[in-house]
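Novice: Just the structure for this:
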Amino acid sequence: MTGKPDQHQRAESVADRIIACLGGHIVLALPLGLGKANLVANALFERAALDRTVDLEILTALTLETPAWSSEMERRFLQPMTERLYSGYPGLTYAKALREGSLPENVRISEFFFVAGRWLSIEIAQQNYVSANYTHAGRYALERGINVLAQLVAKRRDGADAEYSLSCNADITLDILPALKARHEPFLLVGEVSSQLPFMPGEAVLPAGEFDFILDGPDRDRPLFVVPREPVSLADHAIGIRAASLVKDGGTLQIGIGSLGDALTAGLILRQRRPEVFADALHRLAPHETARRETRAFESGLYAASEMFVDGFTDLFRAGILKRRASDGAILHSGFFVGSKALYQFLRDLPEEERALFQMRGISFVNELYGEEEKKRADRVNARFVNNAMMVTLMGATVSDALADGRVVSGVGGEYNFVAQAFALEGARSIITLNAARWHRGRRQSRLVWSYGHTTLPRHLRDIVVTEYGIADLRGKSDRDCIAAMLAVTDSAFQDELLDAAKTAGKIERDFTVPTAFRRNTPEAVAEALLPLRKEGWCATFPFGTEFTEEEQHLVPALRYLKHRTASRRSLARAVLVSLAEARPDQAERAALERMHLAAPANLRERLYAKLLLRALRRGK
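Specialist: Numbering: from 1, shown residues only. From the prediction side, this is the model:
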């Protein structure tokens, strides 16, 4: 179709028109994350559920759902928060059907990236998962024969002068639209207008004539999906400070999502504002470190080439760090964003000329070097591509997306793309960050392992690994030297076991011992090293604010602590016993108990909940 798009106020009428145009066979592509046209998708799903002659296939990634709870304690925390943050947000009907096992036979859902851990137990989702690099997902969608792309858009002006911004998801849409037009087959582009979505300029802007249908009705003001910023632990902060010392002034930065991304952001801002304090913290964390690290404040600043525009980039912009311009004048190129209310408000409030500094581009532009390669190489100098991992083996293989039994936790996304860039660009490095240990079913486990039954990044792409205990530079190292470097950043509780495995395999000499300097890799040592910073107000649990209330900010780490330490019957019994001796709550603790409706327990179970939570509030900081 050409010319002015058909305007609709109801999603149901859009769905009817799509079905009429395509004869009932619909292969629907929905952008990853925030950019899905939820109302249109729901209307199509409901039509297919009622009429089995409609064949509906949905191709997407990162299906966003409001939080769910699996225990009484989680319900007490999540239910009020969910009502506050997600009231009015339209959930995706297909996600509910997948979870309930009620997906109609004429509807199929495939994703190439999951919200971490949310679909592990849903067999149909696991079976229909498509393992793909982010840059290949559009190609696979084309091969599946997509004939509808429905996307959330921001609108500027009306009538023939109307323009629509792909805003939060230029990523795959910009890559596949030319191919869809070139194949001269029936295809519909559908825009679902959101008044809350920031209007991102540049290549993300499409004229009205590009769209076949526009949904612009009374639901345009509904809220966007919010991802509250996570608590940042002391271990996270140690990782962030170490990783920040690897970033060169005048360089390029990519940041991953979550608490480790915020920890890196906090480390960079500490370095910018108090370089002497940053240098001292780095020394306290690694008094034996001899390699030269970057500790000076930023003068030229950084440019960002990051598939995801995370909240942290707004903090770096405000701090005067994100300011180096690429050849087109942008300080950031990104493919998609989803985040906090503050991120959306920041972008909406920016003057248009400043918003133009943040350019949303096709994912092939951001995640690859081919296409405008000469410009990209000139822009992406001294790049530091920082990504998170679930586990890393002692010989440098990275596990980021799936378990040993094949179940998918999240997805490959763009991690491989950026690691490949790190080896292709002069002066670039790939930095994998992870906590050295985790709690699982009531026990601490090392996240640095000898081997694992699944690999996301093979060991020949090993580069830099950062834990709270140090920096392991693995690029070009022998297996033996790689193992020695990884042992030096492993939690001391697991060093001997891992060293024995390496010796048994003949990969390190029999008389090798972990140097004394690395034998104190403990959470207590990290806390001691960061104590001076905490006294000065750095290393906060929520360094950049959060959607959580003050009481919830205390509860989040406490509930995580409680979950880890009550995962088994034995650990639960032990936790109950020790909690009985807890003293009366102070004012802040009482406020947290009131938020959970446990300040005045009504029965024995609630009294036990209150005691357990009180202990967690005191131990889980």
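Novice: Mind checking what secondary structure the nearest residue to Leu614 once chain neighbours are set aside has?
Specialist: The spatial neighbour of Leu614 that comes closest, neighbours along the chain excluded (C-beta to C-beta, 6 or more residues apart in numbering), is Glu582 at 4.8 Å. Bear in mind the C-beta positions are built from the backbone N, C-alpha and C, glycine included. Counting by DSSP: H, G, I helix; E, B strand; the rest coil, the backbone at Glu582 sits in coil.
Novice: Tell me how many other residues surround Glu582.
Specialist: 18 (other C-beta atoms under 10 Å).
Novice: Okay, it and Leu562: tell me how far apart.
Specialist: From Glu582 across to Leu562, the span is 13 Å (C-beta to C-beta, to the nearest Å).
Novice: Leaving out chain neighbours, which residue sits closest to Arg380?
Specialist: Nearest residue to Arg380 in three dimensions, chain neighbours excluded: Thr252, at 4.6 Å (C-beta to C-beta, 6+ apart).
Novice: Domain ranges for this protein, per the record?
Specialist: With domains defined by automatic domain parsing, the chain comprises 6-221, 234-525, 550-619.
Novice: Quick check: end-to-end length of the longest one?
Specialist: Across its full length, domain 234-525 reaches 11 Å between end residues, using C-alpha to C-alpha, to the nearest Å.
Novice: could you dump the domains of the chain to a markdown table with distance to Glu536 and mean pLDDT?
Specialist: Converted to a markdown table, the domains of the chain look like this (distance: least, C-beta to C-beta, whole Å; pLDDT from 0 to 100):
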| stretch | distance to Glu536 | mean pLDDT |
| --- | --- | --- |
| domain 6-221 | 31 | 95 |
| domain 234-525 | 7 | 97 |
| domain 550-619 | 20 | 84 |
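Novice: Tell me which of those lies nearest to Gly537.
Specialist: Judged by C-beta to C-beta, the one of these that comes nearest to Gly537 is domain 234-525, at 10.5 Å.
Novice: and the closest one, how far from the chain's centre?
Specialist: Remark: domain 234-525 is offset 13 Å from the chain centroid, using C-alpha atoms, centre = their mean, to the nearest Å.
Novice: same question, stretch 596-603
Specialist: Taking C-alpha atoms, centre = their mean, the mean C-alpha location of stretch 596-603 is offset from the chain mean by 35 Å.
Novice: for stretch 585-593, same thing?
Specialist: Here stretch 585-593 is found 32 Å from its chain centre; the criterion is C-alpha atoms, centre = their mean.
Novice: Pull out the buried positions in it.
Specialist: Within stretch 585-593, the residues that count as buried by 16 or more other C-beta atoms under 10 Å are Pro585, Glu589, Ala591, Ala592, Leu593.
Novice: which helices and strands does the strand or helix carrying the fourth one pack with?
Specialist: Ala592 is located in helix 587-595, with elements delineated by DSSP states H and E. Packing partners of helix 587-595 (3 or more C-beta pairs under 8 Å, 6 or more residues apart in numbering; DSSP states H and E): helix 550-565, helix 604-619.
Novice: three-state assignment of Trp538?
Specialist: Classification of Trp538 using three-state DSSP returns coil.
Novice: What about it, how many residues nearby?
Specialist: 21.
Novice: tell me the secondary structure for the nearest residue to it once chain neighbours are set aside?
Specialist: Spatially, and ignoring its direct neighbours in sequence, Trp538 is nearest to Leu270 (5.8 Å; C-beta to C-beta, 6+ apart). Classification of Leu270 using three-state DSSP returns helix.
Novice: quick one: contacts for Leu270?
Specialist: Leu270 is in contact with Ile241, Ala244, Val277, Phe278, Ala281, Leu533, Trp538, counting by C-beta atoms under 8 Å, 6 or more residues apart in numbering.
Novice: Closest one to Gly209 out of these, please.
Specialist: Ala244 (46.4 Å).
Novice: Give me the longest strand you can find in the chain.
Specialist: strand 148-156 (DSSP state E).
Novice: Roughly how far does the residue nearest the centre of the chain sit from Thr522?
Specialist: Taking C-alpha atoms, centre = their mean, the centroid of the chain lies closest to Ile257, which sits 3.1 Å from it. For Ile257, the distance to Thr522 (C-beta to C-beta) stands at 28 Å.
Novice: swap in Cys168?
Specialist: Plainly put, Cys168 is 42 Å away from Thr522 if you go by C-beta to C-beta.
Novice: Look at those two and report which has more neighbours.
Specialist: A direct count of neighbours by other C-beta under 10 Å for Cys168 and Thr522 places Cys168 higher, at 34 against 16.
Novice: what about the helices in the stretch 451-600 of the chain?
Specialist: Taking DSSP state H, counting those that start in this stretch to define them, one finds helices in the stretch 451-600 of the chain at 479-487, 492-504, 523-535, 550-565, 569-579, 587-595.
Novice: wait, is Gln126 part of a strand?
Specialist: No. Gln126 is assigned helix when assessed by three-state DSSP, not a strand.
Novice: can you tell me which residues contact it?
Specialist: By C-beta under 8 Å, 6+ apart, the neighbours of Gln126 are Trp119, Leu120, Arg407, Val408.
Novice: count of neighbours near the residue nearest to Arg380?
Specialist: What Thr252 shows, counting by other C-beta under 10 Å, is a neighbour count of 26.
Novice: wait, doesn't it sit right on Ala378?
Specialist: No. Assessed by C-beta atoms under 8 Å, Thr252 is found out of contact with Ala378, at 10.8 Å.
Novice: give the contact list for Pro218.
Specialist: Gln9.
Novice: do the same with the one 3 residues further on
Specialist: Neighbour list for Asp221: Ser195, Gln196 [criterion: C-beta under 8 Å, 6+ apart].
Novice: Val226 versus the residue located most distally from the centre of the chain, what's the distance?
Specialist: Using C-alpha atoms, centre = their mean, the residue of the chain lying farthest from its centre is Asp511. It sits 41.8 Å away. Asp511 is 55 Å from Val226, where distance means C-beta to C-beta.
Novice: ok, now Gly250?
Specialist: 34 Å.
Novice: Neighbour count: those two, which is higher?
Specialist: Between Gly250 and Val226, counted using other C-beta under 10 Å, Val226 has the larger neighbour count: 20 against 13.
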